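[1] sequence and predicted structure, then a few things I'm wondering about:
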Amino acid sequence: MLRWLIQREVVVIPKSVRPERMAQNLDVFNFELTDEQMSRIATLDTAASLFFDHRDPAMVSWLGGRRYN
């Protein structure tokens, strides 16, 4: 996914605290995905949240009303 985003010129800031994952995150610069691979990955986006709808006014209001001490 990191490679896909980079090829789309999206700034990516991966987060990891494990050295082996950090190395894997940096290993995305020595190859490129094909046009077919890029297209296939793009079809994975369903434009729907698995958690909640960010456009639902009731959910936005509920989230905006959360207070943390």
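    Everything's here; your move.
[2] what is the helix-or-strand element of the chain with minimal mean pLDDT packed up against?
    Within the chain, no helix or strand scores below helix 57-64, which has a mean of 89 by mean pLDDT, DSSP states H and E. For helix 57-64, not one helix or strand is in contact under the criterion 3 or more C-beta pairs under 8 Å, 6 or more residues apart in numbering; DSSP states H and E. To be clear about C-beta, it is placed using only N, CA and C from the backbone, and glycine gets the same treatment.
[3] quick one: contacts of that helix?
    Residues from elsewhere that reach helix 57-64, judged by C-beta atoms under 8 Å, 6 or more residues apart in numbering: 52, 53, 54.
[4] repeat for stretch 6-15
    With C-beta under 8 Å, 6+ apart as the test, stretch 6-15 has contacts from 2, 5, 25, 28, 29, 32, 33, 38.
[5] are any of the residues you listed buried, and which?
    Buried subset of these (neighbour count, 16 or more other C-beta atoms under 10 Å): 28, 33.
[6] now, the contacts of stretch 6-15 that are in strands?
    When the contacts of stretch 6-15 are checked against strands using DSSP state E, none is located there.
[7] CSV for the contacts of stretch 6-15, including distance to residue 64?
    As requested, those are exported to CSV (distance: C-beta to C-beta, whole Å):
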residue, distance to residue 64
2, 32
5, 29
25, 33
28, 36
29, 39
32, 41
33, 38
38, 36
